[in-house]
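Q: Here's my sequence, what's the structure:
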Amino acid sequence: MMIQGKDLLCISSIDWDFIWQGHQEIMSALTAAGNRVLFVENTGVRAPQLKDLPRLKKRIRDWFRGTKGFRQEREHLFVYSPLILPFPYSRIARWINRFLLIRAIQRWMRAMGILRPIVWTFLPTPLVRDLIKAVEPLLTVYYCIDDLASSSPQARRITKSETQLLKEADLVFVTSEKLRQRAVQYNRHVHLFPFGVDFETFERVRVDPDDDLPDELRSLPRPVVGYIGGIHQWIDQDLVLTVAKRMPEASFVFVGPPQTDLSRLAQAPNIHVLGAQPHTEIPRYAKGFNVAMVPYRLSAYTGHVYPTKLNEYLAMGLPVVATDLPEIRRFNTMYGNLVTIAQDPVHFAKAIEAAITQQSPESVRERIEASRQNSWQVRIAQMSSLIEKALAARQRIETSWQDALRRLYRAARRRLASAVLPTLAIYLLVFHSPLIWLVAEPLRVATPARPADAVVVFAGGVGETGKAGGGSGYQERVKQAVDLYHEGQAPLMIFSSGYTFVFHETQVMKDLAIALGIPPSAIILETKAANTVENITFVEAILEQHGWRQILLVSSPYHMRRALLVFRKMAPAITVIPTPVPKSQFYTHDVGANLQQIRAILHEYLAIAYYWWKGWI
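A: Alright, predicted model coming up:
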């Protein structure tokens, strides 16, 4: 039973249109089961070489072929051909590539409504690890199918990153026993899954008598000894050439894309390289073989390799001759020496000759049954079971820690509420209720104006805001004094302030009063006072000098209480009629008060306390 209804991000080590392998097979099967897959084509394990130029050109074509590199291959299956800098171990390139790749994939995920996919990666590069962290997957599966570090000198640099990925992955699948032995050093969730075979497709071609052979095979002399797959550097061309010369009557056929120099194989007339073929045609080519071969060189790299076409050969009932690969020996241990292992060219040729002449119906059935047990259907069902279990375990863990975290958050919320609610209540009372104005009301003192000897104006200075001209500034106070003068309440006005901001404040007040129709002779300036006490002291001297005993006092509304208290203490002979600014712009409000208004009112109460302590009131 395959997983269903999941979102998967497949980070592939090959391109979608490359030789059909397990990458495409697994993701095709998963999409057919109702999962949604984004197949990210190879981002590289080494810097490109001249021979990679056609592949780079194809990548550019594929990018423009889609929408910003994304295209839909079939229902539920999307392919991304990223354009990135081809330097997988450069820090600068990695930084740029991380930005380009992660941003593009995250945008696609948002467009598709995907939050946390399952990441299934065939690549362990630093860039891939960056991408995995960025998408925050539900689960990370690393399918290690090759010993990439031994595939090329440049690729050796991948070792550190792969080790980290092995430690971080939730599940690790490997294709060979040697890969398993290495992986279990870093992860205890390692499972051996060699590449399988689309058994049903091969079986259908095998049993169909009307399925003709490809024309290239039908015309060749028989027997046909065949190989299917990429014709790469790990093919032992010396071995094949020697065997072909020893068996001139046989046709040696290679079906697959050339990936290295094959000029040596051209020396033998009975060696035929047919090139890459559509993967749907591969069973028909295999059906035309009499014997199949796995002629790999023995090396550190092939020591970790499970031949991907082995089960396809066996699905057609073909005898297989192979070099002495560890995975072939392990396969024979499990399935009873179904593959003939040859140690050198002489034994290889003899094994092929024996396979041609000594086939039996029983051996054919054994090969087919072994292939059936290694079908992709069985493989993916086993993988899916492990994924489901891992997801369930992850959910239990997440539920466990989430519950614990929720309890901690609930407790924290209770503590926070006990602190925040009172603070919030105070905030609402102070800033969104009339409380401050109720508290400030005792500071307001105002009586109806009546005739007096003079209007005394205490200027604003820096005012309640602490800035020049701020608060209930001199403009408002001069306007109130001018109105009282025009009403006939007093024949003179005294402006008191020692504050200077560019120009002396009292002079500016006088100029404004004159502009409002007050004759200069009706204005007296007191220019030395720096605070309320000095305002009253210096004004009292002026009043004494002229024999005046009754004044109209103009100041800000909430400064009036302090001014009156000081007058009563320091100039008790003067009758003060409080006539503050009726509508102060600074103190304008609807319900609550702002921070500057609160500060100004608090300042008045503190100033009254200070004046009391100093004995001024």
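
Q: hey, let's count contacts and neighbours off CA atoms from now on
A: Noted.

Q: Where does pLDDT dip in the stretch 401-550 of the chain?
A: Counting by pLDDT under 70, the stretch 401-550 of the chain shows low-confidence ranges at 401-408, 460-472.

Q: Show me where it has its strands.
A: Taking DSSP state E, counting those that start in this stretch, the strands of the stretch 401-550 of the chain run over residues 454-458, 493-496, 500-501, 503-504, 523-526, 550-554.

Q: wait, which of these is closest to residue 291?
A: strand 500-501 (105.2 Å; Cα to Cα).

Q: Identify the neighbouring strands of that closest one in the sheet and state each direction.
A: strand 503-504 (antiparallel) (DSSP bridges).

Q: The residue most central in space within the chain: which element?
A: By Cα atoms, centre = their mean, the chain has its centre lying nearest to residue 134, at 4.1 Å. Per DSSP states H and E, residue 134 falls inside helix 126-135.

Q: Could I get the buried residue list for that helix?
A: For helix 126-135, the neighbour count (16 or more other Cα atoms under 10 Å) marks 126-132, 135 as buried.

Q: Can you pull out the residues in contact with it?
A: With contact meaning Cα atoms under 8 Å, 6 or more residues apart in numbering, helix 126-135 is reached by 11, 88-89, 94, 97-98, 101-102, 106, 116-117, 119, 140, 158, 161, 165.

Q: mind listing what the helix or strand following that helix pairs with, with the direction of each?
A: Sequence-wise, the next helix or strand downstream of helix 126-135 (DSSP H and E) is strand 139-144. Strand pairing for strand 139-144, using DSSP bridges, gives strand 118-121 (parallel), strand 171-174 (parallel).

Q: Please state the offset of the first one from the chain centre?
A: Relative to the chain's own centre, strand 118-121 is displaced by 16 Å; criterion: Cα atoms, centre = their mean, to the nearest Å.

Q: pLDDT (mean, whole number) over it?
A: Averaged over strand 118-121, pLDDT sits at 97.

Q: okay, the strands paired with strand 139-144 in CSV with mean neighbour count and distance to residue 609 next?
A: Shown next, in CSV, are these (neighbours: other Cα atoms under 10 Å; distance: least, Cα to Cα, whole Å):
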stretch, mean neighbour count, distance to residue 609
strand 118-121, 24, 70
strand 171-174, 23, 74
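
Q: Out of those, which gets nearest to residue 253?
A: Evaluated with Cα to Cα, those place strand 171-174 nearest to residue 253, the distance being 29.8 Å.

Q: just the CA coordinates of the closest one, formatted as CSV?
A: What follows is strand 171-174, C-alpha atoms only, in CSV (Å, rounded to 0.1, in the frame of the first residue of the first chain):
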residue,chain,number,x,y,z
LEU,A,171,14.7,7.9,7.0
VAL,A,172,17.7,6.7,4.9
PHE,A,173,17.2,4.3,2.0
VAL,A,174,20.3,2.8,0.4
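
Q: immediately after it, which helix or strand?
A: Counting by DSSP H and E, what follows strand 171-174 is helix 177-183.

Q: tell me which residues in that next one are buried?
A: 177-180, 183.

Q: Which one of those is nearest to residue 145?
A: Closest to residue 145 out of the buried residues of helix 177-183 is residue 179 (8.0 Å), distances taken as Cα to Cα.

Q: So that closest one versus residue 490, what's the distance?
A: According to Cα to Cα, to the nearest Å, residue 179 stands 105 Å off from residue 490.

Q: repeat for residue 283
A: For residue 283 relative to residue 490 (Cα to Cα), the value is 116 Å.

Q: can you give me the strands for the stretch 251-400 of the chain?
A: Under DSSP E, counting those that start in this stretch, the stretch 251-400 of the chain gives strands at 251-255, 271-275, 291-294, 320-322, 339-341.

Q: I'd like those strands as a markdown table, with distance to residue 474, mean neighbour count and mean pLDDT appended.
A: Listed next are the strands of the stretch 251-400 of the chain as a markdown table, based on distance: least, Cα to Cα, whole Å; neighbours: other Cα atoms under 10 Å; pLDDT from 0 to 100:
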| stretch | distance to residue 474 | mean neighbour count | mean pLDDT |
| --- | --- | --- | --- |
| strand 251-255 | 98 | 23 | 97 |
| strand 271-275 | 96 | 17 | 95 |
| strand 291-294 | 101 | 26 | 97 |
| strand 320-322 | 104 | 24 | 97 |
| strand 339-341 | 106 | 21 | 96 |
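
Q: Mind putting these into CSV with distance to residue 486?
A: Output for the strands of the stretch 251-400 of the chain, formatted as CSV (distance: least, Cα to Cα, whole Å):
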stretch, distance to residue 486
strand 251-255, 112
strand 271-275, 110
strand 291-294, 116
strand 320-322, 119
strand 339-341, 121
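
Q: Ok, which of those strands comes nearest residue 602?
A: The nearest among these, by Cα to Cα, is strand 271-275 at 91.4 Å.

Q: quick one: strands adjacent to the closest one?
A: When DSSP bridges is applied, strand 271-275 pairs with strand 251-255 (parallel).

Q: Identify the residues contacting the strand it pairs with?
A: Around strand 251-255, the neighbours that count as contacts under Cα under 8 Å, 6+ apart are 220-231, 244, 270-277, 285.

Q: Now, of the residues you listed, which are buried?
A: 223-231, 244, 270-273, 276-277, 285.

Q: thinking again about what came up before, nearest to residue 370 among the strands paired with strand 139-144 would be which one?
A: That would be strand 171-174 among those, by Cα to Cα, at 19.4 Å.

Q: Now for the closest residue to residue 355 other than its chain neighbours: which residues touch it?
A: Spatially, and ignoring its direct neighbours in sequence, residue 355 is nearest to residue 319 (6.1 Å; Cα to Cα, 6 or more residues apart in numbering). Neighbouring residues of residue 319 by Cα under 8 Å, 6+ apart: 290-292, 313, 338-340, 355, 359, 364, 367.

Q: Same check on residue 309?
A: Residue 309 neighbours (Cα under 8 Å, 6+ apart): 197, 228-229.

Q: Mind checking which of those land in strands?
A: residue 228 (DSSP state E).

Q: Let's verify the closest residue to residue 316 other than its chain neighbours: helix, strand, or coil?
A: Of all residues not flanking residue 316 in the chain, residue 206 sits nearest, at 5.9 Å (Cα to Cα, 6+ apart). Under DSSP: H, G, I helix; E, B strand; the rest coil, the three-state class of residue 206 is helix.

Q: Please report how far residue 206 lies from residue 366.
A: Distance from residue 206 to residue 366, by Cα to Cα: 15 Å.
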